[in-house]
Structure formats: structure tokens, C-alpha cells
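Student: okay, predicted coordinates and the sequence, questions at the end:
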Amino acid sequence: MNISQTSLALQNLARRTFRTYALLLAIAIVSGAIFSTSTLMWGVNSSLNKGLSKFGADLLVVPKGSMISMKSALLTGEPSLFYMEGGIMEKIASIKGVKSVSPQLFLTSVDGDCCVMGNAFIIGFNPKTDFTVLPWLEEKKERPFQMDDVIVGASNSYNVGDTLFFYGQNLTVYGKLGRTGVGLYDNAIFMNIERAYVMAEQSHNTPNVKPLKLVRGQVSAVLVQTEVGAKIPFISFTISKDPDVKVITAGNIITSVRQNLVTLFGSTLVLSFVLILANALMISAIFSTIVNERKRELGILRAIGASKISIFKLIVSEAAMLTSMGGALGVFLGIVIMRVYQRTIIFNLKALNMPYLWPPVESIIMLASIAIAAAVVVGVAGAFYPALQGSRLQPYDAIRAGE
Amino acid sequence: MANMIDINDVWKIYDVGGEKIEALKSVNLQIEIGSFISIVGHSGSGKTTLLSILGGLTKPSRGSVKIDGTEIWNLNDRQLSAMRNRKIGFIFQFSSLIPTLRAIDNVALPVIYANGHGKTSRKETYEYAAELLSTLGLGRKLQSFPSELSGGQQRRVSIARAFINRPTIIVADEPTGDLDAQSEGEVMEFFSRINEQDKTTFLLVTHNLALARMTDKVHSMKDGMLTHS
């Protein structure tokens, strides 16, 4: 290999292998922590935004007592079993700026019923007014949706064409939704709201099933779609005049989850920044030692023609190479750890009401690039002062330093 | 003949704990192009300090130092570095090799700071480096690291490095210090050949009078002054 400024820097790094590897690992730990944390935050945030936008409703009107559990239902798919009178839909539809309204009815789980695997969260919807379920069908039968059909969320194991047996009736899986990141949709089984009322009525006559305390006409939620340019705060305020209901906007769900995000990841980020500072100081101390150890060599390089800026670049490029390798190693370790523990991570995030979708590859590449670039910036910043000192050495004094 | 080196009234005063130490006192020296001269003197006489000042490594306290007509201490760092790289070849009195580089890379090292000057390709540089090392008896040690070489071999690698950019001046501080008598003779013969062929100016600093007598002119230094020439 022909000699160059770059190869000289690389060979200098190889000189003290233990010191180089220790520094590499320290940088890898910090950049890995930053990369993993930002990837998780990105995943929660983007899945939340994506999920709610897919949800398609500008407002969600729910019975007053179900406010908190509705947020939970939206994000994790845990059922909320509060009901309100369906008559409210007419009132909402009459408000200026409201484009369409559609009811949804949440039923309790049917754990233990024949032919249903595990807990199934059942949602009744009206196919005639719906604007949030049918548009997101990923697979479906080549015929219209019928009374005895159900649609399953992406997290269900049922496939199109499967037969489910609920409350003494066979139901056919008509279609399957794409993954939304909204737990309510990903876990649910959707059926015609009329069929849901029938099923609720039959629960009183079905052995070994807890009867549903539901009256025909009651609904769990009303989804509201507004016209373009409508004043959503005004509509929300008008609906909220009814003391028995609450209005949930996409915004306040996101705010709630972001508060959880800050709580969970905020301390990790603070710790990461403390570690970055510690890394920069450590690099500064180590490169000061390196400059001191190599005083004579730096003097010789000056004697054979290296300018001050060449010496500065040599030292800084050593730091940049070391930290970029450390950063890349950190990103690699971060990806491996996140992949190995992805089930645990997603489970724990769900426990905190945080949906999670892995960010797309291009976003992961961007975050990885940022983490590596941050590591390089820390390296360059840390080595800046020692490099400046090294470049300012008087050649003759530096050459005689080792005598 | 024009002067290659022109030193006028050069002083070097060190401040050591408030005490002024005069390392050089009003030194004047003119060396013509293609000269082969030596400076002798006891340890501490100031000869190495003089060498470092005319080589652009130490700034004098006052006085004028011209190389090939250029006042070198008026140059900025980039210009002075370029001059050291292209015009001056240094041979130090101690091991001055980079330990992580093989012998041939150590010899080729100054080329990376030449910034394309001379337009010599990497291949040509390495061929010339190998030729220099072979001339100095190290043809079989091109790929050896400094730790694998004896003191004398390391010294010969340093000598080869001083010539890689075909400088116009060679400044050498005890250049044959680690060499046996035979190697010393071979190195001096090599210096003489280059001096005659390329009109390269040589300035040797030594306390070895026998070596000094092999040069065309001998100057002596004592207590920071050139006392005899």
C-alpha cells in the first residue's frame, strides 16, 4: 500500500490496539444508544401519525366515562365497553361543517367461544356510512360485504375465506385490513352493526357466555368526518355541550402518547447526551496524550514538509476515522439488539399505550447516518484542541522533546 | 557563484527561568551553491541550533536567513513548510523514522506533503525510494519496519528519506553517528557523488574531525559563535 495522509492516520490508530478498541467500544455504546432510542421514538411517533391518519376520522365522540379507556382502545386494542344513545348521530350530523358520521359498537371479548382463538375484540360498524374500515381493506373477497361477513384486523391470524363461529352462527372472513399501528383496528373483528345487535341479543340465550348489557340503538363511538376548511374546534365545542359525551381529537391522543414518549425516552436521551459529552472529554484527554507521545514524530513530519494544517488534519482525521468506525459499530449493535429483543420492546411499548411500527428502511438509514455523523462530530470536537496544540508545536522543540 | 545559504547577524537567545541564554551570537555564514561544508564544535556550542535555524525549524531571535535568495523567516507557515519539503533534506542525529511505516514508506513519506510538486507519480517515487535504499545497502530491507532494523540501518533509511524529493540543500546532524567505519565511508562517498552530480549543497554538523576533513570546507563553532572558517 502506498503511503498517504489517510493510511498514515489509520496506521497510527493501529499502533495501540487496546486503547483504540476501548475507545471504539465507548463510542459504539453511545452512538448505539442514540440510534436505538431515536429509532424507537421515530417508530412510535410515525406509527401513531400513520395510524391516526389511516383512522380517517377528524373527531371521535364517545360516552363521557370512556374517555381514558378509549385512548387505550385506540392505541392498544384493549376493549372499552361504555355505550351511549345512537340518537346523538343526528345531532352531530346537523352541525355546520360536519360531512359525515358513522357509528361503531364495541363488544366484549368472546374468549372461550367455539372456534375463536384467544380474545377477539368485536366492532360493529355500518357499511353504508362507514369511511374508516372498508377503505383500508388489503385483501377481500370479490363480492360485496354481506350481513354474515366479518373483516379482520391485520394482527388477527384469520385469513380471507375462513369461517368463524360466534354465538351459534357461522360468519365468513370477508376481508383483512392492512396494518395501521392503531391497536383498536389491528386487533379487531369488524361485523355489520345490525349483526352485532343480533349477537348481543343472542348472548342472553347462549349457554356459558356472559350476556352483553347492550340495547339495540346504543353505540360505543361516533366517528365524525368534517368538511374541508371546517372549524374543527367549533364542531368539537358544539358536540361537547352534551354532558354525556366527550370528544377526542387525533391531536389529544397524540399529545397523550407523546407525554409517555417523553417520560420513557427523555431520560435515555438526556443520559445519551451526558455520555456524548463524556465521550468528547475522553477523546480530548486521549488525543492530548497521543499528541504528547508523538511530539517527536510530529516534529519530524514538520521537518519533512508537513504544514501546521497538515498536522491538524492528521490528528483530527484519526479521531474522525475512529469515531466513524465506532459509530458504525454502534448502529450495527443497535440494530442487532433491537431485532433480537423486538418482541419484548413492542410488548413493553404497548403496555405504555404506545403503538409501534418499525420505521421504513430509508428512515433507519437516515437515523443511522445521523448517529454516525454525531459520533464523528463528537470525535472531531474532542480532538480539536489537542490537534491545535499538536499543529502549533515548534518543529525543533518537538523533535528534541524525546531527547 | 551565488550563495545558496546567506546568514547575517543571527542570534538565538533562550529564556530559561528568567535567565537569558545566548545560544547563537551574531553568526554570519555564506554558503555557495553546490558547496560541501561542515561545522565542527563541542556539544552545546550551538551548531545544531544553527542547523535548525537555517533549516527553517527554529526561528532566530534576530538576524537574516536567506535560502536561495529568499528570506525564509518572512514566509508564512505553508510557504516555509513547502520550502522544507522541496528544497531541504534533513538528516537528524537520532532515529527519526515513523515506527508504523515500513522502510520504503518512511523514505517516500515526504512526497505526501509535496502537493503534486514535481509531478512525480507514486510509482516513480517508490522506484526512486527503492533505488536510494539499495544504494545505501538496504535493498533487502525495503519492507522492514524500523523495529526490525539496526541503529545503523535506521540511520541509512533516514538518509535515503532526505534525498527523496531531490532537494537542493542537505542539512545533516551527525549523519554517520550510528555507522561503522565502512558504512561511514560508503555514505560519505554517496554524499560526494550527489554533490558532484546534482550540485546539491551539503552542510554537515559533526564533532568527528575525520569526517569533517572529508568536506570541502570546515567551520568551527564555540560558545554560539563561528570562530574559525
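Tutor: Looks like it arrived, so ask away. Everything numeric in this text was worked out from a predicted model, so none of it was measured.
Student: what helix or strand is the residue in the stretch 1-150 of chain A that chain B sits nearest to on?
Tutor: Scanning the stretch 1-150 of chain A for proximity to chain B using Cβ to the nearest Cβ identifies A:Q11 as nearest, at 4.0 Å. Quick note: C-beta positions are derived from backbone N, CA and C, even for glycine. For A:Q11, the enclosing helix or strand under DSSP states H and E is helix A:5-13.
Student: and the residue of chain B nearest chain A?
Tutor: Distances between chain B and chain A by Cβ to the nearest Cβ are smallest at B:N85, namely 2.4 Å.
Student: how about the contacts made by that residue?
Tutor: B:N85 makes contact with A:304-305, B:110, B:113-114, B:117, B:165, according to Cβ atoms under 8 Å, 6 or more residues apart in numbering or on different chains.
Student: now it: closest residue in space, sequence neighbours ignored.
Tutor: Taking Cβ to Cβ, 6 or more residues apart in numbering or on different chains, and ignoring the residues beside it in sequence, B:N85 has A:G305 as its nearest neighbour in space, at 2.4 Å.
Student: show me where the chain has its helices.
Tutor: Picked chain A for this. Along chain A, counting by DSSP state H, helices occupy A:5-13, A:17-55, A:67-76, A:88-93, A:183-187, A:193-202, A:232-240, A:250-293, A:295-303, A:308-340, A:342-351, A:361-391, A:395-399.
Student: please go with chain B instead
Tutor: Counting by DSSP H, the helices of chain B are B:47-54, B:77-87, B:103-108, B:122-135, B:151-163, B:181-198, B:209-212.
Student: what is the least confident helix or strand in the chain?
Tutor: Going with chain A. Across the helices and strands of chain A, mean pLDDT, DSSP states H and E gives its lowest value to helix A:67-76, namely a mean of 52.
Student: that answer is for a different chain, and I need it for chain B
Tutor: Across the helices and strands of chain B, the lowest-confidence element by mean pLDDT, DSSP H and E is strand B:225-228, at a mean of 81.
Student: quick check: buried residues in that strand?
Tutor: Using 16 or more other Cβ atoms under 10 Å in any protein chain shown as the burial criterion, the residues of strand B:225-228 that qualify are B:225-226.
Student: paired strands for it, with orientation please.
Tutor: Strand B:225-228 has its sheet partners listed here by DSSP bridges as strand B:217-222 (antiparallel).
Student: quote the end-to-end distance of stretch B:131-139.
Tutor: For stretch B:131-139, the first-to-last residue distance is 8 Å (Cα to Cα, to the nearest Å).
Student: do it and chain A meet at all?
Tutor: No. Judged by Cβ under 8 Å from any Cβ of the partner chain, stretch B:131-139 makes no contact with chain A; its nearest approach is 14.4 Å.
Student: residue contacts, the residue positioned nearest the centre of chain B?
Tutor: The residue lying closest to the centre of chain B (Cα atoms, centre = their mean) is B:V171, at 2.2 Å. B:V171 makes contacts with B:51, B:54-55, B:88-91, B:203, B:205, as judged by Cβ under 8 Å, 6+ apart.
Student: intersect these with the contacts of chain A.
Tutor: When Cβ under 8 Å from any Cβ is applied, the members of those adjacent to chain A are B:55, B:90.
Student: okay if I get the helices of chain B as CSV plus distance to A:G161 and mean pLDDT?
Tutor: Conversion of the helices of chain B to CSV gives the following (distance: least, Cβ to Cβ, whole Å; pLDDT from 0 to 100):
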stretch, distance to A:G161, mean pLDDT
helix B:47-54, 90, 92
helix B:77-87, 77, 93
helix B:103-108, 71, 94
helix B:122-135, 69, 91
helix B:151-163, 80, 93
helix B:181-198, 91, 89
helix B:209-212, 100, 88
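Student: in JSON lines, list these along with distance to B:S26.
Tutor: Rendered in JSON lines, the data for those read as follows (distance: least, Cβ to Cβ, whole Å):
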{"stretch": "helix B:47-54", "distance to B:S26": "12"}
{"stretch": "helix B:77-87", "distance to B:S26": "23"}
{"stretch": "helix B:103-108", "distance to B:S26": "38"}
{"stretch": "helix B:122-135", "distance to B:S26": "38"}
{"stretch": "helix B:151-163", "distance to B:S26": "29"}
{"stretch": "helix B:181-198", "distance to B:S26": "29"}
{"stretch": "helix B:209-212", "distance to B:S26": "23"}
